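K.L.:
turn this into a model:
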Amino acid sequence: MHNRTKDQLGRTTVLPSWPFRIISLVPSETELLVDLGLEEYLVGITKFCVHPGHLKKTKTIVGGTKKVSFDKIAELKPNIILCNKEENSKEIVEALEKKYAVHVSEVNNIKNALDLIKQYGTLFNCVEKSEILVSKIEGKQKSFKTFIEHKPKKRVLYFIWKKPWMLAGKDTFIDYLLQLNGFINMSPENPRYPTIDNDFLNNTKVDLALLSSEPFPFKEQHINDIENTGLEGKGLLVDGEYFSWYGSRLLLAFEYFKSLH
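P.N.:
Numbering: from 1, shown residues only. Model prediction:
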């Protein structure tokens, strides 16, 4: 069967027929599709698909990443819907795959991210573009590896939410990128996104408390809040997109990481 392929969960999905009618429920995948030259085939996106900026005016918004309008999706007659294991709920995926071809990504490291770009090359008949993008990202990563080699290791906590304080924990894509930066993630072992209390903060020593711009929009004033909790360490605002978007944004991520050192 040449018209079937596997997604990153090993599920079989049907290759979409041309012309593609793609709905993307994942912001970083939406940006990736545009960079692979597929913008005209993108019919539906989420309200969080903010790159490139003009898409919200030209494409139909079908909801968020956790809640979608099945009616709007039906009106768009998609022949493939792109989801992600972490960003979209299992319920959404199960409901959608009763009616549509659904491709689910799972990205915990750069290798998964590059595999996803290659899978899109196969799915959307743009193998050459996807291979060029992959090799550019590999080149940037290689140069960063050399840059970071002799930099001192730093202990960090990476904050993604306030009230309650929440962290990006181990075994996440964010954690993988922290490690690439020579940062030691001092988050508790479990769960993947732990909620922590002031007790934990009072007893933890870090070099840097990284405050992400998303999903909670941490700003300058929150640096004081975190430094006043009793956590030993310096607060620093970081751009969450470079730590958690795993599509073509990786092209820019490594230059951004250099600026943090």
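
K.L.:
which residues in the stretch 1-150 of the chain form strands?
P.N.:
Secondary structure of the stretch 1-150 of the chain (DSSP state E, counting those that start in this stretch): strands at 4-6, 12-14, 22-24, 42-45, 60-61, 80-84, 102-105.

K.L.:
and these, which is most packed in?
P.N.:
Mean neighbour counts were taken over those using mean count of other CB atoms under 10 Å, and the top value, a mean of 28, falls to strand 22-24. Yep, even glycine has a C-beta here, placed from its N, CA and C like the rest.

K.L.:
report all helices and strands that that one contacts.
P.N.:
Counting contacts by 3 or more CB pairs under 8 Å, 6 or more residues apart in numbering; DSSP states H and E, strand 22-24 is packed against helix 27-35, strand 42-45, strand 80-84.

K.L.:
swap the cut-off to 6 Å and go again
P.N.:
If you count contacts as 3 or more CB pairs under 6 Å, 6 or more residues apart in numbering; DSSP states H and E, strand 22-24 packs onto strand 42-45, strand 80-84.

K.L.:
partner strands of the last one and their direction?
P.N.:
Strand 80-84 has the following sheet partners, assigned by DSSP bridges: strand 22-24 (parallel), strand 102-105 (parallel).

K.L.:
quick check: K205 vs K72, distance?
P.N.:
Applying CB to CB, to the nearest Å, one obtains 49 Å for the distance of K205 from K72.

K.L.:
nope, N125 is what I meant
P.N.:
26 Å.

K.L.:
ditto for H222
P.N.:
Taking CB to CB as the measure, H222 and K72 are separated by 35 Å.

K.L.:
more neighbours: which of these two?
P.N.:
It is H222, of H222 and K72, that has more neighbours when counted by other CB atoms under 10 Å, with 17 against 14.

K.L.:
helix/strand/coil for L210?
P.N.:
Reducing the assignment at L210 to three states with DSSP: H, G, I helix; E, B strand; the rest coil gives strand.

K.L.:
who touches it in this structure?
P.N.:
Shown in contact with L210 (CB atoms under 6 Å, 6 or more residues apart in numbering): V156, Y158, L236, V238.

K.L.:
and what of E87?
P.N.:
For E87, the contacting residues are V26, T65, by CB under 6 Å, 6+ apart.

K.L.:
please shift the residue numbers so they start at 42 in all later answers.
P.N.:
Understood, numbering begins at 42; the last thing we discussed is E128.

K.L.:
if we can go back for a sec, reformat the helices and strands packed on strand 63-65 as TSV; add distance to D48 and mean pLDDT.
P.N.:
Supplementary listing: these in TSV, determined by distance: least, CB to CB, whole Å; pLDDT from 0 to 100:
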stretch	distance to D48	mean pLDDT
strand 83-86	18	98
strand 121-125	9	97
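
K.L.:
need those strands in CSV with distance to Y141, can you?
P.N.:
Output for the helices and strands packed on strand 63-65, formatted as CSV (distance: least, CB to CB, whole Å):
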stretch, distance to Y141
strand 83-86, 11
strand 121-125, 5
